[in-house]
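Enquirer: Please find the sequence and the predicted model below.
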Amino acid sequence: MADSKPLRVGMVGYAFMGAAHSHAWRTAPRFFDLPLAPQLTAVAGRNEDGVRAAATKYGWDSVETDWRRLIDRDDIDLIDICTPGNTHAEIAIAALEAGKHVLCEKPLANSVAEAEKMTVVAQAAAERGVLSMCGFSYRRTPALALAKRMVEEGRLGDIRHVRAQYLQDWLTDANAPLTWRLDKAKSGSGSLGDIGAHSIDAAQWITGMDITGVSALLETFVKERPLAGDLVGLGGQGGPDGPKGPVTVDDAALFTARFAPKHDGGRPSGAQGTDGGSRQGPIGIFEATRFALGRKNAMRLELNGTKGSLAFDFEDMNSLQFYDASLEPDAGFRKIMVTEPTHPYTANWWPTGHGLGYEHGFTHQVVDLVNAIHAGEQPSPSFADALQVQKVLAAVEESANNASRWENVHKEAS
Ligand code: SOE
């Protein structure tokens, strides 16, 4: 709406997520009637040439080379954190305490302790009308938002199985450089936190249940890699013949999980189920890897319930596979094209069947955040929701590091 009050944004970081968020801040008011008008006021980055180039490319009005300047500026209303996880806590806490709303990329932090502190500060800030959200953007993929709607409507009955995979292959080459995502001190974990976190959040959000226990296996296939270009200055030439550094995170994470209705804690409770029976939480199996050669961004989720099943694959992101047990058994799964105007978010875009892309999830994230801020309501996912994801990540690492639960298959005759 042309006469909307501005929402002046200061973004920290301008790499892949900075590009996606910039696109979202610029695009959201052009396709959705927003009660506040996002303004790309300033972008911050340590390298002045780099951040100036990013401001020109992505349409930011000004630049800073220290994120603290964004916090100090009185022409900034919201801080958007698009930096590696080791910086999230310091920036988010400073911003919230300075009265700035916060959008923080996932995972929320690199530890449960950091995430807990961020959540406490966020809850106190919310009481002052200063709001915050964690950027689990896949919730805003129309097909996954429709999946949640269908689960809530009882179309699947009680959920028995959650099957989640997030498959990429960009590290299959042992000579791919040692970037920040492979350094635990910066990223907190590898495939587990970077992409597994999306699966955990989506599964908990769509089922409406929390993961209460896990059993896990982590693997690092390539133990050291050529230093990335920004580290080559340390006397290396880069590339396969240059200096190498250690990979300190997982390349792949596998875990089983138990779910329980929220706030029941512990094992699945006997809460009343959709069919009048006791609501037993589902069991889950999760996989996150960057070595699934040929899979580029296959974020997959399948739910099997007592009345139906749903299956989603981000590499075919505009559709949802649905098996409805109320139909003839030979009806099989049917493909729902999630492009009807009645589907989440889609009415604001193209005619049915034209489809959306990865970037639309970020635009929808901005739409929901701006509407929540204008309404003075807690955006979703909150830092508390993201803390629950952080606790699952920590439990997976604890389980994987406690190999005593692992049973070897004995070769010798029993
Ligand atoms: C990892 O390659 C990555 O960029 C994640 O960091 C993002 O969160 C995901 O949306 C796409 O893949």
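Expert: Arrived safely, thanks for sending.
Enquirer: close to the ligand, is stretch 144-153?
Expert: No - if you take C-beta under 6 Å from any ligand atom as the test, stretch 144-153 misses the ligand, and the best it gets is 12.6 Å. Glycine gets a C-beta too; all of them are placed from N, C-alpha and C.
Enquirer: Centre of the chain to stretch 191-203, how far?
Expert: Per C-alpha atoms, centre = their mean, to the nearest Å, the displacement of stretch 191-203 from the mean C-alpha position of its chain is 6 Å.
Enquirer: ok, and for it, which residues are buried?
Expert: When neighbours are counted by 16 or more other C-beta atoms under 10 Å, the buried residues of stretch 191-203 are found to be 191-203.
Enquirer: Inside helices: which ones of those?
Expert: Counting by DSSP state H, those place 191, 197-203 in helices.
Enquirer: Now do the domain split for this structure, please.
Expert: Using automatic domain parsing, the domains assigned to the chain come out as 5-138, 143-316+318-356.
Enquirer: what about those domains, which gets the closest to residue 398?
Expert: In terms of C-beta to C-beta, the element of the domains of the chain nearest to residue 398 is domain 143-316+318-356, at 8.2 Å.
Enquirer: Quick check: the gap between residue 338 and residue 320.
Expert: The gap separating residue 338 from residue 320 is 6 Å, by C-beta to C-beta, to the nearest Å.
Enquirer: can you list residues touching both of the two?
Expert: When contacts are counted by C-beta atoms under 8 Å, 6 or more residues apart in numbering, residue 338 and residue 320 are jointly contacted by 143, 146.
Enquirer: contacting residues around the closest residue to the ligand within the stretch 151-300 of the chain?
Expert: Per C-beta to the nearest ligand atom, the residue of the stretch 151-300 of the chain with the smallest distance to the ligand is residue 194, at 4.7 Å. The neighbours of residue 194, taking C-beta under 8 Å, 6+ apart as the test, are 107, 181, 187, 288.
Enquirer: ok, now with 10 Å
Expert: Under the criterion of C-beta atoms under 10 Å, 6 or more residues apart in numbering, the contact list for residue 194 reads 85, 106-107, 166, 168, 181-182, 187-188, 249-250, 253, 288, 290.
Enquirer: from the residues you listed, which ones fall inside helices?
Expert: The helices in this structure, assigned by DSSP H, contain residue 187 from those.
Enquirer: ok, and the most crowded of the contacts of residue 194?
Expert: Taking other C-beta atoms under 10 Å to define a neighbour, the member of the contacts of residue 194 with the most is residue 288, carrying 31 neighbours.
Enquirer: excluding its backbone neighbours, what's nearest that residue?
Expert: Nearest non-adjacent residue to residue 288, counting by C-beta to C-beta, 6 or more residues apart in numbering: residue 196, 3.4 Å away.
Enquirer: Give me every residue in the stretch 201-350 of the chain that's in contact range of the ligand.
Expert: Near the ligand, when you scan the stretch 201-350 of the chain using C-beta under 6 Å from any ligand atom, you find residue 297.
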